[in-house]
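*Asks:* model this:
(chains A, B, C and D)
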There are 4 protein chains.
Amino acid sequence: MSEFEEIKASVTRFADARDWGKFHSPKNLAMALSVEAAELVEIFQWLTEEQSAQLSCEALARVADEIADVQVYLVRLADRLRVNIPDAVAAKMQKNEQKYPADQVRGSARKYSEY
Amino acid sequence: MSEFEEIKASVTRFADARDWGKFHSPKNLAMALSVEAAELVEIFQWLTEEQSAQLSCEALARVADEIADVQVYLVRLADRLRVNIPDAVAAKMQKNEQKYPADQVRGSARKYSEY
Amino acid sequence: MSEFEEIKASVTRFADARDWGKFHSPKNLAMALSVEAAELVEIFQWLTEEQSAQLSCEALARVADEIADVQVYLVRLADRLRVNIPDAVAAKMQKNEQKYPADQVRGSARKYSEY
Amino acid sequence: MSEFEEIKASVTRFADARDWGKFHSPKNLAMALSVEAAELVEIFQWLTEEQSAQLSCEALARVADEIADVQVYLVRLADRLRVNIPDAVAAKMQKNEQKYPADQVRGSARKYSEY
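*Replies:* Next comes the predicted model:
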(Lines give C-alpha, C1' and ligand atoms only; values in the text may rest on other atoms or scores of the structure.)
Protein backbone atom coordinates (compact mmCIF):
# COMPACT_ATOMS: atom_id res chain seq x y z
CA MET A 1 0.00 0.00 0.00
CA SER A 2 1.19 3.52 -0.75
CA GLU A 3 1.63 6.08 2.03
CA PHE A 4 -1.66 7.84 1.38
CA GLU A 5 -3.58 4.57 1.13
CA GLU A 6 -2.00 3.53 4.41
CA ILE A 7 -3.18 6.69 6.17
CA LYS A 8 -6.63 6.41 4.63
CA ALA A 9 -6.98 2.80 5.77
CA SER A 10 -5.85 3.61 9.29
CA VAL A 11 -8.25 6.56 9.63
CA THR A 12 -11.16 4.56 8.19
CA ARG A 13 -10.51 1.74 10.65
CA PHE A 14 -10.36 4.22 13.52
CA ALA A 15 -13.59 6.01 12.58
CA ASP A 16 -15.48 2.80 11.80
CA ALA A 17 -14.57 1.25 15.15
CA ARG A 18 -16.20 4.28 16.82
CA ASP A 19 -19.11 4.68 14.44
CA TRP A 20 -17.96 8.23 13.80
CA GLY A 21 -18.55 8.15 10.06
CA LYS A 22 -21.90 9.85 10.59
CA PHE A 23 -20.16 12.99 11.86
CA HIS A 24 -17.79 13.07 8.90
CA SER A 25 -19.68 15.04 6.28
CA PRO A 26 -17.33 17.00 4.02
CA LYS A 27 -18.64 20.20 5.61
CA ASN A 28 -17.74 19.03 9.11
CA LEU A 29 -14.37 17.64 8.02
CA ALA A 30 -13.44 20.94 6.37
CA MET A 31 -14.29 22.72 9.65
CA ALA A 32 -12.23 20.24 11.68
CA LEU A 33 -9.31 20.63 9.28
CA SER A 34 -9.36 24.41 9.68
CA VAL A 35 -9.47 24.09 13.46
CA GLU A 36 -6.38 21.85 13.42
CA ALA A 37 -4.64 24.30 11.07
CA ALA A 38 -5.36 27.05 13.61
CA GLU A 39 -3.80 24.94 16.36
CA LEU A 40 -0.63 24.94 14.26
CA VAL A 41 -0.84 28.71 13.85
CA GLU A 42 -1.32 29.09 17.61
CA ILE A 43 2.12 27.58 18.23
CA PHE A 44 3.76 30.19 16.02
CA GLN A 45 1.66 33.29 16.58
CA TRP A 46 3.87 35.15 19.06
CA LEU A 47 7.19 33.88 17.76
CA THR A 48 9.37 35.81 15.34
CA GLU A 49 10.00 34.15 12.01
CA GLU A 50 13.51 33.28 13.20
CA GLN A 51 12.23 31.70 16.41
CA SER A 52 9.70 29.71 14.41
CA ALA A 53 12.60 27.94 12.68
CA GLN A 54 14.32 27.05 15.95
CA LEU A 55 11.69 25.34 18.04
CA SER A 56 12.31 23.59 21.34
CA CYS A 57 11.89 19.82 21.33
CA GLU A 58 8.64 20.27 23.21
CA ALA A 59 7.22 22.73 20.69
CA LEU A 60 8.41 20.55 17.83
CA ALA A 61 6.54 17.58 19.27
CA ARG A 62 3.36 19.67 19.43
CA VAL A 63 3.90 20.75 15.85
CA ALA A 64 4.31 17.15 14.71
CA ASP A 65 1.04 16.23 16.45
CA GLU A 66 -0.83 19.10 14.82
CA ILE A 67 0.66 18.34 11.39
CA ALA A 68 -0.61 14.78 11.86
CA ASP A 69 -4.09 16.04 12.76
CA VAL A 70 -4.26 18.22 9.65
CA GLN A 71 -3.04 15.32 7.49
CA VAL A 72 -5.60 12.94 8.97
CA TYR A 73 -8.55 15.24 8.28
CA LEU A 74 -7.22 16.10 4.83
CA VAL A 75 -7.01 12.42 3.87
CA ARG A 76 -10.44 11.75 5.35
CA LEU A 77 -12.02 14.67 3.47
CA ALA A 78 -10.37 13.64 0.21
CA ASP A 79 -11.54 10.06 0.75
CA ARG A 80 -15.14 11.16 1.32
CA LEU A 81 -15.14 13.12 -1.93
CA ARG A 82 -13.08 10.58 -3.90
CA VAL A 83 -10.26 13.02 -4.49
CA ASN A 84 -6.84 11.43 -5.07
CA ILE A 85 -4.41 13.67 -3.22
CA PRO A 86 -1.17 12.91 -5.13
CA ASP A 87 -3.01 13.46 -8.43
CA ALA A 88 -4.58 16.70 -7.18
CA VAL A 89 -1.18 17.98 -6.04
CA ALA A 90 0.46 17.13 -9.36
CA ALA A 91 -2.30 18.92 -11.27
CA LYS A 92 -2.11 21.98 -9.01
CA MET A 93 1.66 22.21 -9.24
CA GLN A 94 1.35 22.28 -13.02
CA LYS A 95 -1.16 25.13 -12.82
CA ASN A 96 1.19 26.98 -10.45
CA GLU A 97 4.09 26.58 -12.91
CA GLN A 98 2.06 28.41 -15.54
CA LYS A 99 0.59 31.01 -13.20
CA TYR A 100 3.94 31.99 -11.69
CA PRO A 101 6.60 31.88 -14.43
CA ALA A 102 9.92 31.51 -12.62
CA ASP A 103 11.68 34.18 -14.67
CA GLN A 104 9.02 36.79 -13.92
CA VAL A 105 8.40 36.30 -10.21
CA ARG A 106 11.85 35.35 -8.97
CA GLY A 107 12.46 36.53 -5.41
CA SER A 108 9.66 39.02 -5.51
CA ALA A 109 7.56 39.45 -2.41
CA ARG A 110 5.23 41.58 -4.43
CA LYS A 111 4.44 38.92 -6.99
CA TYR A 112 4.55 36.42 -4.24
CA SER A 113 2.06 38.27 -2.12
CA GLU A 114 -0.43 37.88 -4.93
CA TYR A 115 0.19 34.15 -4.87
CA MET B 1 10.52 7.87 -4.32
CA SER B 2 7.55 7.61 -2.00
CA GLU B 3 4.48 9.82 -2.47
CA PHE B 4 5.44 12.30 0.22
CA GLU B 5 9.03 12.51 -1.00
CA GLU B 6 7.69 13.15 -4.48
CA ILE B 7 5.54 16.06 -3.31
CA LYS B 8 8.37 17.45 -1.21
CA ALA B 9 10.77 17.35 -4.15
CA SER B 10 8.30 18.99 -6.49
CA VAL B 11 7.53 21.80 -4.03
CA THR B 12 11.21 22.39 -3.29
CA ARG B 13 11.98 22.62 -7.00
CA PHE B 14 9.13 25.06 -7.48
CA ALA B 15 10.14 27.32 -4.58
CA ASP B 16 13.86 27.20 -5.42
CA ALA B 17 13.25 28.20 -9.04
CA ARG B 18 11.50 31.33 -7.74
CA ASP B 19 13.82 32.05 -4.82
CA TRP B 20 10.79 31.91 -2.54
CA GLY B 21 12.51 29.93 0.22
CA LYS B 22 13.14 33.18 2.09
CA PHE B 23 9.40 33.70 2.57
CA HIS B 24 8.91 30.16 3.87
CA SER B 25 9.55 30.47 7.58
CA PRO B 26 7.51 27.95 9.58
CA LYS B 27 5.46 30.87 10.94
CA ASN B 28 4.54 32.06 7.44
CA LEU B 29 3.87 28.54 6.18
CA ALA B 30 1.51 27.85 9.07
CA MET B 31 -0.38 31.05 8.20
CA ALA B 32 -0.55 30.10 4.52
CA LEU B 33 -1.78 26.62 5.43
CA SER B 34 -4.59 28.05 7.54
CA VAL B 35 -5.60 30.41 4.74
CA GLU B 36 -5.86 27.49 2.31
CA ALA B 37 -7.86 25.52 4.87
CA ALA B 38 -10.27 28.47 5.09
CA GLU B 39 -10.65 28.44 1.31
CA LEU B 40 -11.85 24.84 1.68
CA VAL B 41 -14.28 25.89 4.40
CA GLU B 42 -15.56 28.71 2.18
CA ILE B 43 -16.78 26.18 -0.41
CA PHE B 44 -18.89 24.40 2.21
CA GLN B 45 -20.03 27.20 4.50
CA TRP B 46 -23.56 27.76 3.18
CA LEU B 47 -24.22 24.16 2.12
CA THR B 48 -26.09 21.69 4.28
CA GLU B 49 -24.14 18.62 5.35
CA GLU B 50 -26.05 16.60 2.76
CA GLN B 51 -25.24 19.06 -0.02
CA SER B 52 -21.60 19.00 1.00
CA ALA B 53 -21.49 15.30 0.08
CA GLN B 54 -23.04 15.86 -3.35
CA LEU B 55 -20.92 18.53 -4.97
CA SER B 56 -21.20 19.62 -8.58
CA CYS B 57 -18.23 18.76 -10.80
CA GLU B 58 -17.23 22.40 -10.70
CA ALA B 59 -17.26 22.59 -6.91
CA LEU B 60 -15.43 19.28 -6.70
CA ALA B 61 -12.66 20.61 -8.93
CA ARG B 62 -12.30 23.65 -6.63
CA VAL B 63 -12.15 21.33 -3.63
CA ALA B 64 -9.42 19.23 -5.26
CA ASP B 65 -7.39 22.38 -5.92
CA GLU B 66 -7.74 23.57 -2.33
CA ILE B 67 -6.91 20.12 -0.93
CA ALA B 68 -3.76 20.24 -3.05
CA ASP B 69 -2.86 23.69 -1.69
CA VAL B 70 -3.24 22.51 1.90
CA GLN B 71 -1.16 19.40 1.16
CA VAL B 72 1.60 21.43 -0.47
CA TYR B 73 1.98 23.81 2.47
CA LEU B 74 1.74 20.96 4.96
CA VAL B 75 4.57 19.08 3.23
CA ARG B 76 6.62 22.26 2.97
CA LEU B 77 6.14 23.11 6.66
CA ALA B 78 7.00 19.55 7.72
CA ASP B 79 10.09 19.65 5.49
CA ARG B 80 11.29 22.92 7.03
CA LEU B 81 11.01 21.47 10.53
CA ARG B 82 12.27 17.98 9.60
CA VAL B 83 9.00 16.33 10.56
CA ASN B 84 8.27 13.04 8.79
CA ILE B 85 4.54 13.13 8.06
CA PRO B 86 3.79 9.39 7.79
CA ASP B 87 5.64 8.80 11.08
CA ALA B 88 3.85 11.70 12.78
CA VAL B 89 0.47 10.36 11.62
CA ALA B 90 1.24 6.84 12.83
CA ALA B 91 2.29 8.17 16.25
CA LYS B 92 -0.79 10.39 16.53
CA MET B 93 -3.18 7.60 15.53
CA GLN B 94 -1.73 5.47 18.31
CA LYS B 95 -2.34 8.26 20.84
CA ASN B 96 -5.89 8.62 19.53
CA GLU B 97 -6.51 4.88 19.98
CA GLN B 98 -5.70 5.22 23.67
CA LYS B 99 -7.46 8.53 24.18
CA TYR B 100 -10.72 7.38 22.59
CA PRO B 101 -11.29 3.72 23.52
CA ALA B 102 -13.66 2.36 20.87
CA ASP B 103 -15.94 0.64 23.37
CA GLN B 104 -16.46 3.80 25.41
CA VAL B 105 -17.00 6.44 22.74
CA ARG B 106 -18.85 4.47 20.08
CA GLY B 107 -21.31 6.62 18.15
CA SER B 108 -21.33 9.33 20.76
CA ALA B 109 -21.43 12.92 19.62
CA ARG B 110 -20.81 13.96 23.19
CA LYS B 111 -17.53 12.11 23.52
CA TYR B 112 -16.80 13.03 19.97
CA SER B 113 -17.37 16.69 20.53
CA GLU B 114 -14.57 16.58 23.09
CA TYR B 115 -12.37 15.03 20.45
CA MET C 1 -16.93 56.95 25.66
CA SER C 2 -18.59 54.90 22.96
CA GLU C 3 -18.64 51.11 23.18
CA PHE C 4 -15.75 50.59 20.80
CA GLU C 5 -13.66 53.27 22.48
CA GLU C 6 -14.38 51.61 25.80
CA ILE C 7 -13.11 48.22 24.55
CA LYS C 8 -10.08 49.81 22.93
CA ALA C 9 -9.16 51.62 26.15
CA SER C 10 -9.58 48.49 28.25
CA VAL C 11 -7.44 46.37 25.90
CA THR C 12 -4.74 49.04 25.67
CA ARG C 13 -4.59 49.29 29.46
CA PHE C 14 -4.32 45.51 29.74
CA ALA C 15 -1.54 45.20 27.15
CA ASP C 16 0.40 48.21 28.44
CA ALA C 17 0.39 46.89 32.01
CA ARG C 18 2.05 43.72 30.69
CA ASP C 19 4.35 45.35 28.14
CA TRP C 20 2.77 43.14 25.49
CA GLY C 21 2.52 45.86 22.85
CA LYS C 22 5.75 44.58 21.29
CA PHE C 23 4.06 41.30 20.36
CA HIS C 24 1.10 43.07 18.80
CA SER C 25 2.21 43.65 15.22
CA PRO C 26 -0.75 43.62 12.83
CA LYS C 27 0.58 40.33 11.41
CA ASN C 28 0.57 38.67 14.83
CA LEU C 29 -2.81 40.12 15.77
CA ALA C 30 -4.37 38.81 12.56
CA MET C 31 -2.99 35.35 13.40
CA ALA C 32 -4.32 35.54 16.95
CA LEU C 33 -7.72 36.66 15.67
CA SER C 34 -7.92 33.69 13.31
CA VAL C 35 -6.97 31.30 16.11
CA GLU C 36 -9.78 32.65 18.29
CA ALA C 37 -12.20 32.38 15.37
CA ALA C 38 -11.19 28.71 15.05
CA GLU C 39 -11.93 28.17 18.74
CA LEU C 40 -15.46 29.35 17.99
CA VAL C 41 -15.69 26.95 15.05
CA GLU C 42 -14.46 24.12 17.27
CA ILE C 43 -17.52 24.46 19.50
CA PHE C 44 -19.84 23.99 16.53
CA GLN C 45 -17.95 21.56 14.29
CA TRP C 46 -19.72 18.32 15.18
CA LEU C 47 -23.13 19.84 15.89
CA THR C 48 -25.91 19.94 13.36
CA GLU C 49 -27.12 23.39 12.35
CA GLU C 50 -30.19 22.86 14.55
CA GLN C 51 -28.10 21.87 17.57
CA SER C 52 -25.90 24.91 17.02
CA ALA C 53 -28.94 27.12 17.70
CA GLN C 54 -29.84 25.31 20.94
CA LEU C 55 -26.66 25.33 22.99
CA SER C 56 -26.40 24.25 26.60
CA CYS C 57 -25.64 27.00 29.12
CA GLU C 58 -22.13 25.65 29.39
CA ALA C 59 -21.52 25.77 25.64
CA LEU C 60 -23.09 29.21 25.45
CA ALA C 61 -20.70 30.51 28.11
CA ARG C 62 -17.78 29.17 26.08
CA VAL C 63 -19.15 30.84 22.96
CA ALA C 64 -19.47 34.17 24.78
CA ASP C 65 -15.84 33.92 25.91
CA GLU C 66 -14.63 33.17 22.38
CA ILE C 67 -16.75 35.95 20.87
CA ALA C 68 -15.10 38.28 23.39
CA ASP C 69 -11.63 37.06 22.38
CA VAL C 70 -12.34 37.69 18.70
CA GLN C 71 -13.73 41.14 19.49
CA VAL C 72 -10.71 42.05 21.60
CA TYR C 73 -8.20 41.14 18.88
CA LEU C 74 -10.31 42.81 16.21
CA VAL C 75 -10.41 46.07 18.15
CA ARG C 76 -6.70 45.84 18.88
CA LEU C 77 -5.83 45.19 15.23
CA ALA C 78 -8.04 48.04 14.07
CA ASP C 79 -6.46 50.32 16.66
CA ARG C 80 -2.95 49.47 15.50
CA LEU C 81 -3.84 50.33 11.92
CA ARG C 82 -6.02 53.34 12.77
CA VAL C 83 -9.13 51.74 11.28
CA ASN C 84 -12.42 52.98 12.74
CA ILE C 85 -14.60 49.87 12.98
CA PRO C 86 -18.09 51.46 12.91
CA ASP C 87 -17.07 53.51 9.87
CA ALA C 88 -15.55 50.47 8.13
CA VAL C 89 -18.72 48.47 8.76
CA ALA C 90 -20.97 51.23 7.44
CA ALA C 91 -18.86 51.53 4.28
CA LYS C 92 -18.82 47.75 3.73
CA MET C 93 -22.57 47.39 4.25
CA GLN C 94 -23.09 50.01 1.55
CA LYS C 95 -20.88 48.04 -0.86
CA ASN C 96 -22.81 44.90 0.01
CA GLU C 97 -26.12 46.63 -0.76
CA GLN C 98 -24.89 47.31 -4.29
CA LYS C 99 -23.20 43.96 -4.79
CA TYR C 100 -26.21 41.92 -3.72
CA PRO C 101 -29.37 43.69 -4.93
CA ALA C 102 -32.17 42.38 -2.72
CA ASP C 103 -34.57 41.75 -5.60
CA GLN C 104 -32.05 39.59 -7.48
CA VAL C 105 -30.59 37.42 -4.73
CA ARG C 106 -33.59 36.92 -2.46
CA GLY C 107 -33.50 33.57 -0.72
CA SER C 108 -31.03 32.10 -3.13
CA ALA C 109 -28.34 29.83 -1.76
CA ARG C 110 -26.69 29.95 -5.14
CA LYS C 111 -26.23 33.69 -5.18
CA TYR C 112 -25.54 33.53 -1.52
CA SER C 113 -22.79 30.99 -1.89
CA GLU C 114 -20.98 33.50 -4.07
CA TYR C 115 -21.31 36.02 -1.29
CA MET D 1 -28.80 53.42 19.47
CA SER D 2 -25.40 52.28 20.64
CA GLU D 3 -22.73 51.31 18.11
CA PHE D 4 -23.29 47.57 18.45
CA GLU D 5 -27.06 47.94 18.25
CA GLU D 6 -26.58 50.05 15.13
CA ILE D 7 -24.50 47.33 13.44
CA LYS D 8 -26.92 44.62 14.52
CA ALA D 9 -29.88 46.54 13.11
CA SER D 10 -28.12 47.21 9.83
CA VAL D 11 -27.10 43.55 9.37
CA THR D 12 -30.57 42.29 10.29
CA ARG D 13 -32.16 44.64 7.78
CA PHE D 14 -29.70 43.49 5.10
CA ALA D 15 -30.26 39.77 5.74
CA ASP D 16 -34.05 40.10 6.07
CA ALA D 17 -34.34 41.96 2.76
CA ARG D 18 -32.63 38.99 1.09
CA ASP D 19 -34.31 36.23 3.10
CA TRP D 20 -30.85 35.01 4.10
CA GLY D 21 -31.73 34.36 7.73
CA LYS D 22 -32.23 30.69 6.90
CA PHE D 23 -28.53 30.32 6.07
CA HIS D 24 -27.46 31.99 9.30
CA SER D 25 -27.32 29.14 11.77
CA PRO D 26 -24.66 29.73 14.45
CA LYS D 27 -22.64 26.88 12.91
CA ASN D 28 -22.61 28.54 9.49
CA LEU D 29 -21.92 31.99 10.91
CA ALA D 30 -18.93 30.68 12.86
CA MET D 31 -17.58 29.17 9.63
CA ALA D 32 -18.12 32.41 7.73
CA LEU D 33 -16.43 34.38 10.50
CA SER D 34 -13.35 32.14 10.35
CA VAL D 35 -13.19 32.50 6.56
CA GLU D 36 -13.20 36.29 6.87
CA ALA D 37 -10.52 36.10 9.57
CA ALA D 38 -8.40 34.06 7.14
CA GLU D 39 -8.85 36.74 4.49
CA LEU D 40 -7.29 39.15 6.95
CA VAL D 41 -4.42 36.73 7.58
CA GLU D 42 -3.91 36.39 3.83
CA ILE D 43 -3.06 40.09 3.54
CA PHE D 44 -0.29 39.72 6.11
CA GLN D 45 1.07 36.24 5.47
CA TRP D 46 4.16 37.07 3.42
CA LEU D 47 4.90 40.42 5.06
CA THR D 48 7.39 40.86 7.86
CA GLU D 49 5.99 42.13 11.15
CA GLU D 50 7.47 45.55 10.35
CA GLN D 51 5.89 45.65 6.90
CA SER D 52 2.55 44.65 8.43
CA ALA D 53 2.59 47.93 10.40
CA GLN D 54 3.30 50.06 7.31
CA LEU D 55 0.65 49.08 4.82
CA SER D 56 0.03 50.82 1.53
CA CYS D 57 -3.26 52.71 1.23
CA GLU D 58 -4.52 49.95 -1.00
CA ALA D 59 -3.69 47.19 1.48
CA LEU D 60 -5.13 49.25 4.31
CA ALA D 61 -8.42 49.61 2.45
CA ARG D 62 -8.55 45.83 2.01
CA VAL D 63 -7.84 45.36 5.71
CA ALA D 64 -10.65 47.76 6.64
CA ASP D 65 -13.04 45.78 4.45
CA GLU D 66 -12.04 42.48 6.02
CA ILE D 67 -12.22 43.89 9.53
CA ALA D 68 -15.77 45.00 8.69
CA ASP D 69 -16.64 41.51 7.43
CA VAL D 70 -15.39 39.90 10.63
CA GLN D 71 -17.30 42.45 12.72
CA VAL D 72 -20.50 41.88 10.79
CA TYR D 73 -20.45 38.10 11.24
CA LEU D 74 -19.44 38.43 14.87
CA VAL D 75 -22.38 40.72 15.62
CA ARG D 76 -24.72 38.45 13.67
CA LEU D 77 -23.53 35.33 15.52
CA ALA D 78 -23.82 37.05 18.88
CA ASP D 79 -27.31 38.26 17.98
CA ARG D 80 -28.45 34.75 17.03
CA LEU D 81 -27.27 33.39 20.37
CA ARG D 82 -28.39 36.42 22.43
CA VAL D 83 -24.85 37.22 23.51
CA ASN D 84 -24.24 40.87 24.42
CA ILE D 85 -20.78 41.63 23.04
CA PRO D 86 -19.78 44.57 25.30
CA ASP D 87 -20.81 42.54 28.36
CA ALA D 88 -18.95 39.44 27.14
CA VAL D 89 -15.81 41.50 26.53
CA ALA D 90 -15.98 43.11 29.98
CA ALA D 91 -16.38 39.69 31.63
CA LYS D 92 -13.51 38.19 29.62
CA MET D 93 -11.16 41.07 30.34
CA GLN D 94 -11.78 40.54 34.05
CA LYS D 95 -10.89 36.84 33.71
CA ASN D 96 -7.76 37.82 31.79
CA GLU D 97 -6.72 40.22 34.56
CA GLN D 98 -6.74 37.33 37.01
CA LYS D 99 -5.21 34.78 34.66
CA TYR D 100 -2.28 36.98 33.68
CA PRO D 101 -1.19 39.01 36.73
CA ALA D 102 0.67 42.01 35.32
CA ASP D 103 3.58 41.72 37.75
CA GLN D 104 4.24 38.08 36.83
CA VAL D 105 3.94 38.11 33.05
CA ARG D 106 5.32 41.54 32.19
CA GLY D 107 7.10 41.57 28.85
CA SER D 108 7.48 37.83 28.76
CA ALA D 109 7.04 36.10 25.43
CA ARG D 110 7.14 32.83 27.26
CA LYS D 111 4.21 33.58 29.51
CA TYR D 112 2.60 35.34 26.63
CA SER D 113 2.98 32.40 24.34
CA GLU D 114 0.86 30.43 26.77
CA TYR D 115 -1.79 33.11 26.54
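*Asks:* let me know how buried residue A:11 is, in neighbour terms.
*Replies:* 20 (other C-beta atoms under 10 Å in any protein chain shown). To be clear about C-beta, it is placed using only N, CA and C from the backbone, and glycine gets the same treatment.
*Asks:* wait, isn't it in contact with residue A:76?
*Replies:* Yes: between residue A:11 and residue A:76 there is a contact under C-beta atoms under 8 Å: 5.3 Å.
*Asks:* next helix or strand past the longest helix seen in chain A?
*Replies:* In chain A, with assignment by DSSP state H, the single longest helix is helix A:57-80. Per DSSP states H and E, the first helix or strand lying C-terminal to helix A:57-80 is helix A:85-99.
*Asks:* avg pLDDT for the following helix or strand past that next one?
*Replies:* Under the assignment DSSP H and E, the closest C-terminal helix or strand after helix A:85-99 is helix A:102-105. The average of the pLDDT scores along helix A:102-105 is 90.
*Asks:* how far is helix A:102-105 from where the chain is centred?
*Replies:* Chain-centre distance of helix A:102-105: 26 Å, with C-alpha atoms, centre = their mean, to the nearest Å.
*Asks:* does it reach chain B?
*Replies:* Yes: Helix A:102-105 reaches chain B (C-beta under 8 Å from any C-beta of the partner chain) through A:102, A:105.
*Asks:* buried ones in that helix?
*Replies:* Buried positions in helix A:102-105, judged by neighbour count with 16 or more other C-beta atoms under 10 Å in any protein chain shown: residue A:105.
*Asks:* what's stretch A:46-66 in contact with?
*Replies:* In this structure, residues lying in contact with stretch A:46-66 by C-beta atoms under 8 Å, 6 or more residues apart in numbering or on different chains are A:36, A:39-40, A:43-44, B:25-28, B:30, B:80-81, B:83, B:88, B:91-92, B:95, C:23, C:28, C:32, D:48-49, D:109, D:112-113, D:115.
*Asks:* next, count neighbours for residue A:42.
*Replies:* The number of residues near residue A:42, taken as other C-beta under 10 Å, comes to 22.
*Asks:* tally up the residues packed near the spatially closest residue to residue A:97 that is not a sequence neighbour, please.
*Replies:* Leaving aside its sequence neighbours, residue A:97 sits nearest to residue B:14 (C-beta to C-beta, 6 or more residues apart in numbering or on different chains; 7.1 Å). By other C-beta under 10 Å, 17 other residues sit near residue B:14.
*Asks:* check contacts around residue B:14.
*Replies:* By C-beta under 8 Å, 6+ apart, residue B:14 lies in contact with A:93, A:96-97.
*Asks:* now the buried members of those.
*Replies:* Buried among the contacts of residue B:14 (16+ other C-beta under 10 Å): A:93, A:96.
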